[in-house]
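[1] Quick one, fold the following:
(chains A and B)
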Amino acid sequence: MPKRTDIHKILIIGSGPIIIGQACEFDYSGTQACKALREEGFEIVLINSNPATIMTDPETADITYIEPITPEFVERIIAKEKPDALLPTLGGQTALNTAMKLQEMGVLDKYNVKMIGADHNAIKKAEDRECFKNAMLKIGLDLPESEMAYNMEEAKKAMKKIGLPVIIRPSFTLGGTGGGIAYAEEEFEKIASLGLQNSMISEILIEESILGWKEYELEVMRDKLDNVVIVCSIENLDPIGIHTGDSITVAPIQTLTDKEYQKMRDASVAIIREIGVETGGSNIQFAVNPKDGRMVVIEMNPRVSRSSALASKATGFPIAKIAAKLAVGYRLDEIKNDITKITPASFEPTIDYCVVKIPRFTFEKFPEAKDVLGISMKSVGETMAIGRTFKEALQKGLRGLEIGHAGLDNKQSYKNITDEKIKHRLEEPNASRIFYIKYALQKGYSVGEIHKLTKIDPWFLENIKDIVEMEKEIVKGLRLKVKGKIKRKSAIKPEALLKAKQYGFSDSQIAELTGSNELAVRNYRKRYFIKAVFRLVDTCAGEFEAYTPYYYSTYETKDETTPSKKKKIMILGGGPNRIGQGIEFDYCCCHASFALKELGYETIMVNSNPETVSTDYDISDKLYFEPLTFEDVMNIIDREKPDGVIVQFGGQTPLNLARKLEKAGAPIIGTSVKSIDMAEDRKKFSKLLKKLKIAQPESGSTTSISKALKIAKKIGYPVLVRPSYVLGGRAMKIVYEENSMLEFIKEAKEVSGKYPILIDKFLEDAIEVDVDAVSDGNITVIGGIMEHIEEAGIHSGDSACVLPPHTLGDDIIEIIRKHTHAISKGLKVKGLLNIQFAVKQNTVYVLEVNPRASRTVPFVSKAIGAPLAKIAAKAMAGKTLEELGFSEEKKVNHISVKESVLPFSRFSGVDILLGPEMKSTGEVMGIDASFGMAFYKSQIAANQVLPKNGKVFISVKNQDKRNIVFIAKKLEDMGFEIIATKGTHKALRSNNIKAEMVGKIGEGNSKILDYIKNGVIKLIINTPSGQKSQSDSKPIRSAAVMRGIPCITTISGAQAAVNGIEATLKNDFQVKSLQEYFS
Amino acid sequence: MKAFIALEDGTIFKGISFGASGERLGEVVFNTSMTGYQEIMTDPSYKGQIVAMTYPLIGNYGINQYDAESSGPKIEGFIIKENSKIASNFRSEKSLGQYLKENNIIGIENVDTRSLTLHIRTKGAMKGIISTIDLNPKSLIKKAKDSPGLIGRDLVKEVTCKKTYKAEGTIRKNLQLKTYSLKLKKVIAMDFGIKYNILRCLMDVGCDVTVVPGDTKAKDILAENPDGIFLSNGPGDPAAVTYAIEEIKKLLGKKPIFGICLGHQLLGLALGGKTYKLKFGHRGANHPVKDLKTGKIDITSQNHGFCVDMNSLNQDEVELTHINLNDDTLEGMRHKRFPVFSVQYHPEASPGPHDSRYLFKRFVEMME
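    Model prediction:
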């Protein structure tokens, strides 16, 4: 059954901004689908609001819309482009929900657009809990006992019937938002009401608790002829009760016999058939009672997912690509397996290694939130590791997580942890439980005891115990009694060392245990030929020859790499996503690979993040799926001997390795390590700026507390305090007086370690400006100048920005240009450069310089229509900007706005106020001819729907009272009604603006909260000052987040919002593709 | 305790013993199934073979009495990367190591099984020896070279039943037997090394199965007047089991016949075809087999080193029904005039996917 000929033009919906539960895995799947379908001659129309994606590169699809993903916008695109088909299964829940809405609105019928892959019925059957339950019962499968509820009354009745504890799952939400486990009635009411609110159709499922059961996932594919294959099986180390995105997971399944596994396989095949997913991939989750093997179905996702990205990377079977081909009519056996070339895709991958995925959390960013895990997803990224054993993969994964662990190490000494704490940390699932398992074992807890507390399968615990035992052996093997004294012998026995390496111990872990250092261990083991060998990920456990060079390291006898004689460049990726380092850097790494391939280099990608495009084996000539540590990277360098190593595209991760790598002889290309150091070292950098006569906020740095206080006093409060060498403004704060200063220094020191604390004068009410530029070492060209909407003091990653600047004068912009060129020259930049400026009273200050790819590179590239990262990579390889045709700053006639997307709804109790510490997970872009419309689009895309009418609540701090008048007047003129607190009310009244007055919450009034909860208020403008006012108004902001009401916390943001509202009231929105903008 | 594997081409693999000690000869092959080590070890078709598992973590869920495919392990030796220290499953009764020791089978772990697999893939399955007592490479290699190998060897006689028996009662059943109101079909199964799960599958579709030794004469089988005859799987070179081929020839056209694996090969030979040895065989649970009539694909469980040459069959008489999509080899055939069909793969699975269980029903329909 070959390709369909009745369709020619296909619309693909992306997943929008990176949020918790929906990350770059959908860029990976969407990009694969675009490529696969264009290969087949289809014309692809793409919509995605996220500029930091490879899929929105103008080369990926034929027609690319960077517009908000809402049914209204998609309808506009459908009306304009008239596609024949819509493929809804590759853009996560966002695409699925949007497609469902389009069908229900009649848009698809109106324009005669067919849904391919999965249709409306199949999606409904899988996503609607009641439909799903009935479908499962029909095919004789078991489910946990459950009841649906549509209001609180029904919910309570169901809970009484099933009995506590129960699990509450809202229908049609993302990553389990609003779900939870309730042990007590009060808790139940809270979670159930939240769930009802979060569900698109106000529907929740109340379910029998199967907490502690074993959790499994199967990735299933089906073609038009009803051929079904299982691509990968996954076992969760963490049992039921923890969202699978937050669980450590292992592929393949480890603790099921073939009889039990086949039962699960049969069920999966039956499910995909019954649900009716016509073609493509689905993910099905099961739970198994460890006591008697009872198997129940938990849920099914009728689309590609985070797990399918993991499964693709874990097996080498590209699910999204194949799903796309199946959707247009191909059969599985008509598609070749890319890796073996001779065998078809109609098979089930078998692997001869163990894969471990570990989630990465960022609870440190949200100190008010507990690091407890449940059924609502909290992690922001993940790392995957491949080893020949579970032990090896687990330890590689833990060091690949980049949270300061060198493996399953001893960051804390078990001796200092009380039994009470151990029991608590084992019993209540949390982000560091894996380490507490180790501490418990060290303390002498048995596997049985730990199993009782954690419900983690004893097989995993026994393997962790092996690691603990090995550790003892390493320590013991090293000490020799010499004349009654314990002396460390310098050497560990080679056999023991080999075994330790096979158990995944890193050199630095061994060094720590033996009182040595990483390099010494490395040199010692190399002397005994204990070297990493690289093995292939080949989908078939070695049964057929593999042609795709996708490798992982282990310690065995045979190395399967075939280093070529070609000129080659290695690109170090960014590792797991985290707040401050995500898809933007992966985008840059991919571009580096594309660019260098174009120049004829062989490209080698190193990364450990399974969600990414860069770890698609199709992107680079060679892919090494390895942790980004000195040891693991050097192992590859030793083997491949690349001509160049690029460290400036993967964010802080590779940059932190640069010095060590260079010292070990790695040929780092681009801006020199010395320059990187000069930009990051405040003293050296200040010296440079002084020499260049460029202003900088007054500052100082120190490692002592008393000196810090003195410096702050001298500079004058407010000051900005931060540790050096951290990303995303971690532990950075604006401090207004001495007491808070003391508190923050303490925290900052913990983060920074041996590096000093930096204290800067904080420029209040300054305008912040970001510049991205590229240099070939000779000339520098500015890519884009971005004016932040929010004032300085809010992390650049969290603030909205506009390109080109919309309020800065030409003279100021000229100064910024001059400074950029001077700094680039001063640092001898070769590659990318990002500078943050602050403009106050016509003085331009430099806040920060990063001689590397920045978070805004993809946004700027899309805004100006030039691939900055690609140009930079070529410049690093020796091309001049002139040769590359990029010797002049690009002028554009449209306005681009970048807005950030924040994860507050995931962390209940956390205040949404922005500050110098970055909190956003992703970004969107709005493009239009006017600032107002571009801003409006960016807000919709970020899920902040600005109202066109209704009531606006305003409460601002004193210094904003003058500025708010103008904004309020505009709102009044546009027909909005205003509600204000006392002070604001007074300011408005005295300027003849009508407003209703409400009391402050701090003064015992809750009227405003009722207004918000009842949906009376459509927009909130709230700029609190000082600690007290902040906590007073926190309930307002929390209520706004929970109800999804836009809440603006800066005056400049409010100004922009008013511009946006004005623009939409005047004109209806238009959609325009990137290709149209740059034709 | 150290243990060695030596191959006839002079290659040595080292590891650590975790089963019985001693020394055994056999053909060294690899299996790519990620689950089902117990079923594999107890499958009589592995008689004469030392099996390496490509999945590195083995023994995780232990051993239980219900998952055995015959009276006990039939392999000559077991090669793995890592033996689990713990058996974690609610059905587990003992550890893999204990089971191997009890049954006097040598197990060896810590072996670079991927290198071994790549070696066999490129050089082909070959004669080998596994030893915990002789750790002298030279002597081991010589023993491997001097061993008889599989070609031309009848291993059926070592695993077939000595006496005729009724399937019911002799096989532990963990599957619920469905109750049939219809009359049970009387099936005689020729045992060349039959797997229990074949008997379970036949019983599940309403067969009353009598198992007879592999050298039973055709006239004795026909004298029982069965509704159908089943030709089982089994070990070794089909061409060496000449006595069975002769008897099968006499059965053709007399009664409906269904053959699996070695049964399929013997049928091919009885129909005048030829068999040949594959380079390294098909052993795993992920082989795509296409039904040439419907175009549908089943993911199948496979375990064979020999294969029926599709060009050797008289295609006026025999229809090719199934092929393996990995290497286009023959996986199934049907006689054009007689109610006779067979498959090279294992519809009874165990281990492996259940996609082709429907073949047992087809056999019953043929007997209607």
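
[2] tell me which parts of the stretch 701-850 of chain A are close to chain B?
    Taking CB under 8 Å from any CB of the partner chain, no part of the stretch 701-850 of chain A reaches chain B. For glycine as for every other residue, the C-beta is placed from the backbone atoms N, C-alpha and C.

[3] which residues in the stretch 701-850 of chain A form strands?
    A:719-723, A:733-735, A:757-761, A:767-776, A:780-791, A:801-803, A:830-840, A:843-850 (DSSP state E, counting those that start in this stretch).

[4] which stretches of chain A have low pLDDT?
    Scanning chain A for pLDDT under 70 picks out the ranges A:1, A:172-178, A:477-491, A:724-731, A:748-755, A:908-909, A:1002, A:1026-1030.

[5] what's around A:Phe594, how many residues?
    For A:Phe594, the neighbour count with other CB atoms under 10 Å in any protein chain shown is 19.

[6] Would you check that it makes contact with A:Phe649?
    No. Contact criterion CB atoms under 8 Å: A:Phe594 and A:Phe649 do not qualify, at 11.8 Å.

[7] Let me have the strands of the stretch 701-850 of chain A in JSON lines, adding mean neighbour count as columns.
    JSON lines is the format used below for the strands of the stretch 701-850 of chain A (neighbours: other CB atoms under 10 Å in any protein chain shown):
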{"stretch": "strand A:719-723", "mean neighbour count": "23"}
{"stretch": "strand A:733-735", "mean neighbour count": "21"}
{"stretch": "strand A:757-761", "mean neighbour count": "24"}
{"stretch": "strand A:767-776", "mean neighbour count": "26"}
{"stretch": "strand A:780-791", "mean neighbour count": "24"}
{"stretch": "strand A:801-803", "mean neighbour count": "25"}
{"stretch": "strand A:830-840", "mean neighbour count": "24"}
{"stretch": "strand A:843-850", "mean neighbour count": "20"}
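
[8] Just want the most central residue of chain B.
    B:Ser45 (3.5 Å; CA atoms, centre = their mean).

[9] close enough to count as contact, that one and B:Ile260?
    No. Counting by CB under 8 Å, B:Ser45 sits too far from B:Ile260 to count as a contact (10.0 Å).

[10] distance of the residue nearest the centre of chain A from B:Ala87?
    By CA atoms, centre = their mean, the mean C-alpha position of chain A lies nearest to A:Asn577, the distance being 4.3 Å. Distance from A:Asn577 to B:Ala87, counting by CB to CB, to the nearest Å: 38 Å.

[11] got it, and B:Gly206?
    Distance from B:Gly206 to B:Ala87, by CB to CB: 36 Å.

[12] For the residue in chain A positioned nearest to chain B, grab phi and psi.
    Nearest to chain B, among the residues of chain A, is A:Asp258, at 3.4 Å (CB to the nearest CB). The phi/psi pair for A:Asp258 (degrees, to the nearest 10) reads phi -60, psi -40.

[13] Contacts only, for the residue nearest to the centre of chain A.
    A:Ile18, A:Ala23, A:Cys24, A:Arg360, A:Val380, A:Gly381, A:Glu382, A:Ile583, A:Asn609, A:Glu611 (CB atoms under 8 Å, 6 or more residues apart in numbering or on different chains).

[14] Can you pull the residues of the stretch 1-150 of chain B lying near chain A?
    B:30, B:32-36, B:38-39, B:54-57, B:60-61, B:64, B:66-67, B:81-82, B:84-86, B:88-91, B:112-115, B:117-118, B:121.

[15] Kindly give a single ChimeraX line that selects the buried subset of those.
    If you want just the buried ones from these in ChimeraX, going by 16 or more other CB atoms under 10 Å in any protein chain shown, the selection is:
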select /B:30,32,33,34,35,36,38,39,54,55,56,57,60,61,64,67,81,82,84,85,86,88,89,91,112,113,114,115,117,118,121
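
[16] Which members of the residues of the stretch 1-150 of chain B next to chain A are positioned in strands?
    Using DSSP state E, the subset of the residues of the stretch 1-150 of chain B next to chain A located in strands is B:Phe30, B:Leu57, B:Glu82.

[17] Hmm, B:Glu8 is touching B:Lys145, no?
    Yes. B:Glu8 is within contact range of B:Lys145, at 4.8 Å (criterion: CB under 8 Å).

[18] Find residues that contact each of these two.
    B:Lys127.

[19] tell me which parts of the stretch 251-368 of chain B are close to chain A?
    So the stretch 251-368 of chain B meets chain A at B:284-288, B:290, B:295-297, B:299, B:325-326, B:349-355 (CB under 8 Å from any CB).

[20] Just the buried residues out of those, in ChimeraX syntax.
    The buried residues among those can be selected in ChimeraX (16+ other CB under 10 Å) with this line:
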select /B:284,285,286,287,288,290,296,297,299,325,326,349,350,351,352,353,354,355
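
[21] Next up, the contacts around B:Cys2.
    Careful, residue B:2 is Lys; it's not Cys. B:Lys14, B:Gly15, B:Ile16, B:Ser17, B:Thr132, B:Leu135.

[22] With B:Leu271 instead?
    B:Leu252, B:Leu313, B:Asn314, B:Glu317, B:Val318, B:His335.

[23] want to throw those residues into JSON lines with neighbour count, pLDDT and secondary structure?
    Compiled in JSON lines, the contacts of B:Leu271 are given as follows (neighbours: other CB atoms under 10 Å in any protein chain shown; pLDDT from 0 to 100; DSSP: H, G, I helix; E, B strand; the rest coil):
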{"residue": "B:Leu252", "neighbour count": "18", "pLDDT": "97", "secondary structure": "coil"}
{"residue": "B:Leu313", "neighbour count": "19", "pLDDT": "96", "secondary structure": "coil"}
{"residue": "B:Asn314", "neighbour count": "10", "pLDDT": "95", "secondary structure": "coil"}
{"residue": "B:Glu317", "neighbour count": "15", "pLDDT": "95", "secondary structure": "coil"}
{"residue": "B:Val318", "neighbour count": "24", "pLDDT": "97", "secondary structure": "strand"}
{"residue": "B:His335", "neighbour count": "17", "pLDDT": "97", "secondary structure": "strand"}
